[in-house]
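J.: For reference, the sequence and a predicted model appear below.
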Amino acid sequence: MHGMQTLRQSRPAVAAAVLVAAGGAATILGAYYFQYVMGLRPCPLCLEQRIAFYVSIPLAAVVALAASRGAPRGVVTAGLSVIALAMLFNSGLALFHAGVEWKWWPGPQECSGPVTDLSTGGDLLSSLTNLTIIRCDEAAWRFLGLSLAGYDVLISLALAAIAAFGAVTAWRAVR
């Protein structure tokens, strides 16, 4: 009977972790689709936004496995809390990026400003012909008025909410 009670109480945490892993994987696969199939090269801010997914997807898989095997609630809660914080931070980064695209505020100099430092030495003409800057302040794609950064805000907030729900549920579970 105790085993069934533990399984029943861990289901929301397992479900939350599985949803985060699946949603995160789908998001990264979508980013790769836009990059490698559609040819939309990611800017530096786009690449930074992927880091939270690279951390959260495997962590969510480990948390799902741990929760399904009756890991202590503190471990499950901590794992889901880290995921929630990573996704919440990422939603802020994506919101910043979307604001840069809408010209609400300036973006990082390396991808939003003028190229000013070409004094690295060597052949200037060669440097200029090999220089490719992917702009952070220009949305490469929009759908229904939102850029990929805008969709990342929504996806990251949703994944943060799912992970937070799982963390709260795991913490409240009495074992």
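T.: Great, that's in hand.
J.: which phi and psi does Leu146 have?
T.: phi -100, psi 140 (degrees, to the nearest 10).
J.: And the pLDDT for Val37?
T.: For Val37, the model assigns a pLDDT of 95.
J.: Can you give me the neighbour number for it?
T.: 8 (other Cβ atoms under 10 Å). Placement of C-beta: from N, CA and C, glycine included.
J.: Same check on Gly30?
T.: So Gly30, with other Cβ under 10 Å, has 14 neighbours.
J.: Could you do Trp105 as well?
T.: 10.
J.: Let's verify the nearest residue to it once chain neighbours are set aside: helix, strand, or coil?
T.: Nearest residue to Trp105 in three dimensions, chain neighbours excluded: Gly99, at 5.3 Å (Cβ to Cβ, 6 or more residues apart in numbering). State at Gly99, reduced to three classes by DSSP: H, G, I helix; E, B strand; the rest coil: helix.
J.: pull the longest helix from the protein.
T.: In the chain, taking DSSP state H as the definition, the longest helix is helix 2-32.
J.: From the contact counts, what lies against that helix?
T.: If you count contacts as 3 or more Cβ pairs under 8 Å, 6 or more residues apart in numbering; DSSP states H and E, helix 2-32 packs onto helix 44-68, helix 73-101, helix 148-172.
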